[in-house]
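A.B. asks: Kindly generate the corresponding structure for this input.
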Amino acid sequence: MPRSLLTRAVAPVLCAGLLWAAAPAQARTPADAESPTHPRPLSSAQWADRATGAYRALQKHLYEGPGRHGLYLEHTPRQASDPEHSYLWPFREAAQAAVDMQHLPRTGAAYRRDAAERFETAEFYYTPGERPGYESYLPAPLGTGGDVYYDDNAVVALSQLDQYEATGDERYLERAEAVVPVVSRAWDDDTTKACPGGMDWYDGPGNTIRATNVTALSAQLAARLYEHTRDPAHLAKAEQWYGWVYSCMRTAPGLYANDRGDDGSTNGTLWTYNSGAMIGTATALHRATGDAGYLRKAVEDARGSLAYWTEGSRLHDQPAVFNAFYFKDLLDLDAVRPDGAYLETMAAYADSTYRTNRDATNGLFRFQPSNGGDYDPAAPAATLNQSAMVQIFATLADRTHQRHRSS
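C.D. replies: Numbers count the residues shown, from 1 in each chain. Reported below is the predicted structural model:
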């Protein structure tokens, strides 16, 4: 994922459709009148309204339109350091936002064209050749190109797989499968390193780390592909990649260090999406194989991570986009082993963030330079963050609607 977007600690780092949501004590708000201190019920329709408003703001202020190749800006207002168009990672999140909007009750069909267009535009970031992959920035003729980050490629393929599941269009399944050889290049087979294995962060001689996010997200991709294709090669990769993260990077239930350096060092920084990717992978492996051991690991990691991330301001301070990953992975597990805490935690975060980080004049969300935390009126709004909030609201609308129908 483009490193200019996220400041890392170290560079290689319910009932009948209603949920009770309350703002955490540490939240800050641009308008105190919008922050009631008592919990209030939120319905599927309310979540859908918030998703629709956030998506409209995304399209109005950050989408460049067909005349600009269907791409997005990095920020609004544009910053002096911004490229002409967004990096791949924010674009992927905008595409995922359109995928999730398709699942809105009653109005989802209106977003099918948008989602299809996003995936065609995503191919502008792809470069063929001996070492193909999606580059972090647009290659010629639209841009100057960038490195192939393996985490970027894994999440693009996960979105393609989501779109395949939403539409049944085999092209998306084929594109997702084509990414497996790309991320497979990242596997480090040097047996002399501490905790041998793991996956490189990006494709280049300057890479010096094996990253949790790449390895776990790639494992999640392979596991989900195995569910659809039953190709044993996908299962073997998923189990190998998941096993390395679990054995080499797990610091406590649900918590995973960010990366291992080739010099033997470990970057212990924790992120919600690393917790989520391991929960989502274990859940997919359980669905695919019936192995109860994977389900036990997913549940243990979900409970351990929730206990950690809901302490104090930790969840609030995480990048919004990382929380979007985390919440969806928790809900994936919830579909297999229900636990109301997953949806309640997501709803509480979403409602708090709506009331504390949204600019009511234009519907745009603003955070700290870390892409999380308190509202910063001086910060530009970002495609990355706006798309993350769309995903969270749309997912809540869909899931609370499903709960209402089944109750």
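
A.B. asks: just the helices in the stretch 51-200 of the chain please.
C.D. replies: 88-101, 112-122, 150-167, 170-184 (DSSP state H, counting those that start in this stretch).

A.B. asks: Of the ones you listed, give the one that comes closest to Asp203.
C.D. replies: Of all these, it is helix 150-167 that lies closest to Asp203, at 6.9 Å by CB to CB. The way it works is simple: take the backbone N, C-alpha and C, and place the C-beta from them, glycine included.

A.B. asks: So which elements touch that closest one?
C.D. replies: With contacts defined as 3 or more CB pairs under 8 Å, 6 or more residues apart in numbering; DSSP states H and E, the packing partners of helix 150-167 are helix 88-101, helix 112-122, strand 133-134, helix 170-184, helix 212-229.

A.B. asks: Need the pLDDT of Gln26.
C.D. replies: Note on Gln26: pLDDT of 36.

A.B. asks: And for His404?
C.D. replies: Reported pLDDT for His404: 72.

A.B. asks: what's the burial count for it?
C.D. replies: The number of residues packed around His404, counting by other CB atoms under 10 Å, is 17.

A.B. asks: swap in Asp151?
C.D. replies: A count of nearby residues for Asp151, using other CB under 10 Å, gives 24.

A.B. asks: Can you give me the distance of it to Gln79?
C.D. replies: 23 Å (CB to CB, to the nearest Å).

A.B. asks: Quick one: residues contacting the residue nearest to the spatial centre of the chain.
C.D. replies: The residue lying closest to the centre of the chain (CA atoms, centre = their mean) is Phe325, at 3.5 Å. Contacts for Phe325 (CB atoms under 8 Å, 6 or more residues apart in numbering) come out as 272-273, 276-277.

A.B. asks: Now name the helix or strand holding it.
C.D. replies: helix 320-334 (DSSP states H and E).

A.B. asks: Kindly export that helix (C-alpha atoms) in CSV.
C.D. replies: Once non-C-alpha atoms are left out, helix 320-334 reads as follows in CSV (Å, rounded to 0.1, in the frame of the first residue of the first chain):
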residue,chain,number,x,y,z
ALA,A,320,-10.4,3.9,9.7
VAL,A,321,-9.5,1.8,6.7
PHE,A,322,-7.8,-0.8,8.9
ASN,A,323,-11.0,-0.9,11.1
ALA,A,324,-13.1,-1.6,8.0
PHE,A,325,-11.0,-4.7,7.3
TYR,A,326,-11.2,-5.8,10.9
PHE,A,327,-14.9,-5.4,11.3
LYS,A,328,-15.7,-7.3,8.1
ASP,A,329,-13.5,-10.2,9.2
LEU,A,330,-15.3,-10.3,12.6
LEU,A,331,-18.6,-10.4,10.8
ASP,A,332,-17.3,-13.2,8.5
LEU,A,333,-16.7,-15.2,11.7
ASP,A,334,-20.0,-14.1,13.2
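
A.B. asks: Determine how far it lies from the middle of the whole chain.
C.D. replies: 7 Å (CA atoms, centre = their mean, to the nearest Å).

A.B. asks: Least confident secondary structure element in this structure?
C.D. replies: strand 19-21 (a mean of 33; mean pLDDT, DSSP states H and E).

A.B. asks: Which phi and psi values does Phe365 adopt?
C.D. replies: Dihedral angles phi and psi of Phe365 (degrees, to the nearest 10) take the values phi -100, psi 140.

A.B. asks: Can you report how many residues neighbour it?
C.D. replies: With other CB under 10 Å as criterion, Phe365 counts 24.

A.B. asks: Contacts only, for it.
C.D. replies: Phe365 neighbours (CB under 8 Å, 6+ apart): 54, 320, 353, 357-359, 381, 385-386, 389.

A.B. asks: Ok, Thr127 next?
C.D. replies: Thr127 touches 133-135, 139, 145, 148, counting by CB under 8 Å, 6+ apart.

A.B. asks: do His103 as well
C.D. replies: His103 touches 166, 394-395, 397-398, counting by CB under 8 Å, 6+ apart.

A.B. asks: Quick check: the gap between it and Glu74.
C.D. replies: 27 Å.

A.B. asks: State the next helix or strand along the chain beyond the helix holding Phe325.
C.D. replies: helix 340-357.

A.B. asks: biggest helix in this protein, by residue count?
C.D. replies: Using DSSP state H, we find that the single longest helix of the chain is helix 383-406.

A.B. asks: Would you mind listing the buried residues in that helix?
C.D. replies: 383-401, 403-404 (16 or more other CB atoms under 10 Å).

A.B. asks: How about Pro380, nearest residue that isn't a chain neighbour?
C.D. replies: Sequence neighbours aside, His75 is the residue nearest to Pro380 in space, at 3.8 Å (criterion: CB to CB, 6 or more residues apart in numbering).

A.B. asks: That neighbour: what's it in contact with?
C.D. replies: Counted by CB under 8 Å, 6+ apart, His75 has contacts 62, 82, 380-383.

A.B. asks: mind putting the residues you listed in TSV, distance to Asp339 and pLDDT included?
C.D. replies: As requested, these are exported to TSV (distance: CB to CB, whole Å; pLDDT from 0 to 100):
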residue	distance to Asp339	pLDDT
Leu62	35	99
Asp82	41	98
Pro380	37	98
Ala381	34	98
Ala382	32	98
Thr383	32	98
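
A.B. asks: quick one: buried residues of stretch 278-288?
C.D. replies: In stretch 278-288, counting by 16+ other CB under 10 Å, buried: 278-288.

A.B. asks: Switch those residues over to CSV; also include distance to Ala48 and pLDDT.
C.D. replies: Shown next, in CSV, are these (distance: CB to CB, whole Å; pLDDT from 0 to 100):
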residue, distance to Ala48, pLDDT
Met278, 30, 99
Ile279, 26, 99
Gly280, 24, 98
Thr281, 29, 98
Ala282, 30, 99
Thr283, 26, 98
Ala284, 27, 98
Leu285, 32, 98
His286, 30, 98
Arg287, 28, 98
Ala288, 31, 97
